[in-house]
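Asks: sharing a model that was predicted from the sequence below.
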Amino acid sequence: MDIDFLAAALNSGLFAALFCFLFVFQLKDSKEREKKFTATIDALLDSLKLLSQVDEKCGVIGGDVKLIKDGVRTVKNDCKSIKAACENIKTVCAKLKRGQDEPRQIALSSAKCRVDAPQFKAGEAVV
C-alpha cells in the first residue's frame, strides 16, 4: 500500500511525494511510540499493585506492633506490682527479724500482698 501511495504522489510532484513519505513515516513512528507508552503504563500498573500490597502489609505490621506495645505495657505494670509485693515482703521480713510486729499483723500484711500481686502459673506466657 505504501508503494502505491508513494507512486501516486510522485506523479503529482516532488513536494506531494515528500509530504506523503513524511506522513507514512510519522504514522509508523507513532505506532512504535504507542507500543512503548502502553508498555510503560503496564509497568507502572504492576508497580502500583506492588505498592498496594506493601501498604496492606504495613497496616498488618502496624497492628502487630500495637499489640506488642500493649503486651509490653501490661508486663511493665505487672513487674511494678511484683516489685511492690517484694518490697512489702522485705518489709515484713525485716520487721519479723527485729521482732516489731505481732504475727497476726504480719499475716494480714502478707495476705494483702498476695491479693495485690498478679497470679502466674509456671510456664504461662503473658500476652
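Replies: Thanks, I have the structure now. All values derive from a computational prediction rather than experimental measurement.

Asks: the helix or strand that contains residue 27 packs against which elements?
Replies: Element membership for residue 27, per DSSP states H and E: helix 14-98. Helix 14-98 is packed against helix 2-12, helix 103-116, with contacts defined by 3 or more Cβ pairs under 8 Å, 6 or more residues apart in numbering; DSSP states H and E. Every residue, glycine included, has its C-beta placed from N, CA and C.

Asks: center of the protein, which residue is that?
Replies: For the chain, residue 58 is the residue whose C-alpha lies nearest the centre (Cα atoms, centre = their mean; 1.8 Å).

Asks: what pLDDT does it get?
Replies: pLDDT for residue 58: 89.

Asks: look up how far residue 65 lies from it.
Replies: Distance of residue 58 to residue 65, given as Cβ to Cβ, to the nearest Å: 10 Å.

Asks: which secondary element of this structure has the worst mean pLDDT?
Replies: Lowest by mean pLDDT, DSSP states H and E among the helices and strands of the chain is helix 103-116, with a mean of 50.

Asks: does residue 10 really touch residue 17, like I thought?
Replies: Yes - using Cβ atoms under 8 Å, residue 10 is in contact with residue 17, at 4.7 Å.

Asks: out of those two, which sits in the busier spot?
Replies: With neighbours defined as other Cβ atoms under 10 Å, residue 10 and residue 17 compare such that residue 17 has more, 17 against 14.

Asks: where's that one relative to residue 29, distance?
Replies: 18 Å.

Asks: same check, this time on residue 99
Replies: For residue 99, the distance to residue 29 (Cβ to Cβ) stands at 105 Å.

Asks: swap in residue 56?
Replies: Residue 56 is 41 Å from residue 29, where distance means Cβ to Cβ.

Asks: and if you look at residue 97?
Replies: Distance from residue 97 to residue 29, by Cβ to Cβ: 99 Å.

Asks: got it, and residue 10?
Replies: Taken as Cβ to Cβ, the span from residue 10 to residue 29 is 22 Å.

Asks: for residue 37, same thing?
Replies: For residue 37 relative to residue 29 (Cβ to Cβ), the value is 12 Å.

Asks: what about the chain, any weak spots by pLDDT?
Replies: Residues of the chain meeting the criterion pLDDT under 70: 1-2, 5-6, 9, 100-127.
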